[in-house]
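[1] Quick one, structure for this:
(chains A, B, C and D)
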Amino acid sequence: MATMTDAPLFQYTLRLADTALILGHRLSEWVGHSPVIEEDLAFGNMGLDLIGQARALYAYAGEVEGKGRDEDALAYLRDAGDYRNLLLVEQPNGDFANTMVRQFLYAAFAHPYFEALAASKDETLAAIAAKAAKEMAYHVRHAAEWTIRLGDGTDESHARAQDALEELWPYTGEIFEVDPIERALIDIGVAVDPAPLRALWNKTMDDVLGEATLVRPRDGYMQSGGRAGRHSEHLGHILSELQFLQRAYPGATW
Amino acid sequence: MATMTDAPLFQYTLRLADTALILGHRLSEWVGHSPVIEEDLAFGNMGLDLIGQARALYAYAGEVEGKGRDEDALAYLRDAGDYRNLLLVEQPNGDFANTMVRQFLYAAFAHPYFEALAASKDETLAAIAAKAAKEMAYHVRHAAEWTIRLGDGTDESHARAQDALEELWPYTGEIFEVDPIERALIDIGVAVDPAPLRALWNKTMDDVLGEATLVRPRDGYMQSGGRAGRHSEHLGHILSELQFLQRAYPGATW
Amino acid sequence: PEREKRFQARIDAEERIEPNDWMPEQYRRTLIRQISQHAHSEIVGMLPEGNWITRAPSLKRKAALLAKVQDEGGHGAYLYAAAETLGAAREDLEDELLSGKAKYSSIFNYPTLSWADIGIIGWLVDGAAIMNQIPLCRCSYGPYARAMIRVCKEESFHQRQGYEIMLALCRGTPEQKAMAQEALNRWWWPVLMMFGPSDKDSQHTETAMRWKIKRFTNDELRQKFIDATVPQGHFLGLTFPDPALTFNETTQHWDFGEIDWTEFKRVIAGDGPCNRQRMKQMRAKHDNNAWVRAAALAYANKRQQRAEAAHRVAAE
Amino acid sequence: PEREKRFQARIDAEERIEPNDWMPEQYRRTLIRQISQHAHSEIVGMLPEGNWITRAPSLKRKAALLAKVQDEGGHGAYLYAAAETLGAAREDLEDELLSGKAKYSSIFNYPTLSWADIGIIGWLVDGAAIMNQIPLCRCSYGPYARAMIRVCKEESFHQRQGYEIMLALCRGTPEQKAMAQEALNRWWWPVLMMFGPSDKDSQHTETAMRWKIKRFTNDELRQKFIDATVPQGHFLGLTFPDPALTFNETTQHWDFGEIDWTEFKRVIAGDGPCNRQRMKQMRAKHDNNAWVRAAALAYANKRQQRAEAAHRVAAE
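    From the prediction side, this is the model:
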């Protein structure tokens, strides 16, 4: 289990990687099962962006750690308690509205976050973030469009989108959390302070939810724990699929 | 992968064990999610019966094989291609009608089958079968009652039960298959010849489906392959859950 | 008031009140609320443990866990039956649960994240439940007391099984031991909250004591539990996540730190890690299977009509 | 008849027929059927491979498989578009698939049971598809020919990827090698059936050849495929499940055993291992997401009305 004494840069990179992988995995579950082919393609695109981000980040995390773990060792050989992703991204896909709202909530944060991280003093992170920022711009646009379409579509789609919003809102607080590990990196210009991004995120929410005729949930108690390895019950089930072959055939090369 | 040259008794016992485990696993998926508490209890009972049968059979298979594999080595450390269960029992639970019809189709066979196997010349198999026969009597009764209740219930339940029957019928042929491995054991009085049990199974079907006002599907092409390790896509997903901990923590004792 | 005096006298004499006996309305209502909450807890409690049935790490553990979750369903069923002896309808009680009006034990709003959680639930959650329930075996209301005797017997078995899972983990690989410790860290405080608010903040206690529905205060039971549990944890080689935990030679009890009552209230109010998930799971099972219950009802009606028709024909 | 002669003359001169050109009704119908079947195959084909996206054994493979399945969706989309240039409506074509009226490539009625199946599908199924499709890049109907050029380019990439998966398995552990061999055993014959019935039993061939929708017979393409594939398999160290497979020095082709045409007909008729499952998956996705399509339509209508209203206001 990771502790505060672990190298902060390794921890920080791992968090970003785990979030990207788990969300990418979730989106990939849709491919072949989407409402229209165009959305299969969109989920494919977004899934590939996220898995690509995860690979780059894992590779760097492994390098930073310096214990010879490569991207697959990090993705496939850690159990749930060692995963550091945001709780938001491991929540089940649910229906199309739930998936799109989840994507919107995350991407509306990740886009400006990676834009800011592109100015990191850590050149590798900066380079990964610059690419990711461009990708996340599309995610925000696509997910916002669907959020509006569903919110302002039929009564049923409106109700489903509003439900999704209520369901997922308690996971949005964690996005903005900063712990000492991250604070240390923010102070030296490596990590990004999410606090100043909150206003922009709020504005994106208000603009899009307004156009979607959806009611922004009030900010109640916010769930937390992903960055300390305290997840929801869903992550374990993701990993039992994700890791099956690596676990069942230890040491094999694929 | 198992071949004809493997010890037939090992193969035969393994087939029975795999079928019991996979069906037990499927039933256990319902516990906590049943239409009424009484059915949670019933699924628990039936699941426990089947897992119990599997444990006794695996233990004996391991003994017959003589390579030191215990029940858990056999259950947790073989991939799908080495599993030998009937295709019927790995089919998804679907709705309650689908699960009950599946249980009825299997139990209506397994009950008389184990009764016959209780007279096996192999004393261990005979003892396991004698116990299993008593258990399966309850499974037939319970599943038949529900099949009747659903078939002769509402229009919706009738349609769902009939759908389930059509969906699962193509997997009932495999139950009666005999391959050379099994033939050899039948000839020496160890295994049971399923052929003479067919008439009874047919009668059970006709009686119960008649009372349930369900139409018995015609015997078309029957799916096959479980006993040769050629399964449906569902088994792999079962195993990725079932085996996760044993795979993720190799060599640990639980 | 005269009847009430006689009623209290029977209670004071440790007689059992039975369904057909007269009882004060508030006694009835208090018991229905308590018994049904207990029943709901058993039913909702099937979910966190059920989450590991398909992933249990050995066939023996799989069978034991399946049997255990099944037992909880059984407890739920006979607790609902006990509540029904007081004039409540099971369907109404279930509706109250689904609508969120009725409560269930808040501990089940915490997730099961590793196999060690299954050990912890048996050892600590069932252990705490037993501590609460053993006095209920002498509860003044007969059907509840008898139900509790059966429940407690099974729960003790579950508790031993849970402890045994912990033992296997703590004597296992370092990874398994870490898994056990991590689970204890997450569950310890929420388990202590299972005994309810501190006596100084508890409302229902006094009347319940007088009616012998309750025989010990929340704080008394919590202390008993801690005293019994801490040595077991130390025997496992585990550390409790409470730096204030020390044995007090004077009182011969374990002193412990301050419980986070904010968390307690928050989780009860609906903001625990899994409140939404549990209610969603309960509603999904109710809604998705409505057609099954409708079919069973329709069939029962048909059968009855047919029987009556046959009876008429025979009579003619 | 005069028009038809001119039409045939253009085809004989290897000119491309374009959407607005006159064409015989049967040419149009044949093309719609063939193109939409091809589109359906791409869409249904996403299911067996999609089955392994969540279980791919490395992140690199996961990304590649996801991209591949996504490409298939893309192929489906532009093949539907090509069919639409002939006057068919995509919705009608999809309905025909869901109702079971339209066919899709029968190979997708076989299950993917191990990771090696993902390698096999790339190497053999895509390989066979390319063999069928390369001549279609010169198909007389322009939009189809152009779609095929793009499809073939991507399919070749997939095929190389598939072969590369097989190579990794065959150079891997003995278990991985066995996995590869077992997959080949299951897929080889069904893949050979992808080229359709033997020439002596094939109905559509003659007209299709005249119209240059088809340029080689089923048997010719099958032989080409076998000749290209067998050495690749031997390079992998795999054995083909056909004892009759031998190189014929005289013909310079690989002779092979008799295809089980009973199986071929049975699977097309609906009794393959996964026909029911695939249709169920397709219908589930259609039905469960109907509300999404309805919402998108409702929103588009609202937007249009708002735009019109704004336009009226501006005009007033």
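[2] Secondary structure element holding the closest residue to chain B within the stretch 51-200 of chain C?
    Closest contact between the stretch 51-200 of chain C and chain B, by CB to the nearest CB, is at C:Gln70 (3.0 Å). From N, CA and C alone the C-beta is placed, and that goes for glycine too. Using DSSP states H and E, C:Gln70 maps to helix C:59-84.
[3] next helix or strand past that helix?
    Toward the C-terminal end, the helix or strand that comes next after helix C:59-84 (DSSP H and E) is helix C:90-98.
[4] Say whether chain B is contacted by that next one.
    No - shown here: helix C:90-98 not in contact with chain B (CB under 8 Å from any CB of the partner chain), separated by at least 9.1 Å.
[5] For chain A, what is the nearest residue in the stretch 151-300 of chain C?
    At 3.8 Å from chain A, C:Asp271 is the closest residue in the stretch 151-300 of chain C, using CB to the nearest CB.
[6] if I pick that residue, what's in contact with it?
    Shown in contact with C:Asp271 (CB atoms under 8 Å, 6 or more residues apart in numbering or on different chains): A:170, A:220-221.
[7] Could you report the distance from the residue of the stretch 51-200 of chain C closest to chain B to B:Val140?
    As for C:Gln70, its distance to B:Val140 is 20 Å (criterion: CB to CB, to the nearest Å).
[8] What is the neighbour count of A:Pro194?
    For A:Pro194, the count of nearby residues is 18 (other CB atoms under 10 Å in any protein chain shown).
[9] Could I get the phi/psi values of the residue in the stretch 1-150 of chain C positioned nearest to chain D?
    Per CB to the nearest CB, C:Arg55 is where the stretch 1-150 of chain C lies closest to chain D, at 15.9 Å. Backbone geometry at C:Arg55, expressed as degrees, to the nearest 10, gives phi -120, psi 10.
[10] Please list all residues in contact with it.
    A:236, A:240, B:241-242, B:244-245, C:115.
[11] Pick the one among those residues closest to chain D.
    Distances from chain D to these, taken by CB to the nearest CB, are shortest for A:Ser240, at 9.7 Å.
[12] Verify the stated contact: the closest one with B:Glu241.
    Yes - counting by CB atoms under 8 Å, A:Ser240 does reach B:Glu241; the two are 5.2 Å apart.
[13] Okay, strands next: where are they in the stretch 101-250 of chain A?
    Assigned strands in the stretch 101-250 of chain A: none (criterion: DSSP state E, counting those that start in this stretch).
[14] Could you measure from whichever residue of it sits closest to chain C over to C:Phe264?
    For the stretch 101-250 of chain A, the nearest residue to chain C under the criterion CB to the nearest CB is A:Tyr221, separated by 3.8 Å. Plainly put, A:Tyr221 is 13 Å away from C:Phe264 if you go by CB to CB.
[15] And those two? Which one has more around it.
    More neighbours surround C:Phe264 than the other of A:Tyr221 and C:Phe264, with 20 against 13 (other CB under 10 Å).
[16] Burial check on the closest residue to that one other than its chain neighbours, number of neighbours?
    Distances taken as CB to CB, 6 or more residues apart in numbering or on different chains place C:Met193 nearest to C:Phe264, at 4.6 Å, with adjacent residues excluded. C:Met193 has 23 neighbouring residues, counting by other CB under 10 Å.
[17] Report the closest residue of the stretch 1-150 of chain A relative to chain B.
    For the stretch 1-150 of chain A, CB to the nearest CB, closest residue to chain B: A:Asp79, 5.9 Å.
[18] what element comes up after whichever strand or helix holds A:Leu21 heading to the C-terminus?
    Using DSSP H and E, A:Leu21 sits in helix A:8-28. Next along the chain after helix A:8-28, taking DSSP H and E as the criterion, comes helix A:37-65.
[19] quick one, strands of chain C?
    Here chain C has its strands, by DSSP state E, at C:246-248, C:253-255.
[20] Which residues outside the last one are in contact with it?
    Residues from elsewhere that reach strand C:253-255, judged by CB under 8 Å, 6+ apart: C:223, C:226-227, C:230, C:244-248.
[21] Out of those, which end up buried?
    The neighbour-count test (16 or more other CB atoms under 10 Å in any protein chain shown) marks C:223, C:226, C:230, C:245 as buried among the contacts of strand C:253-255.
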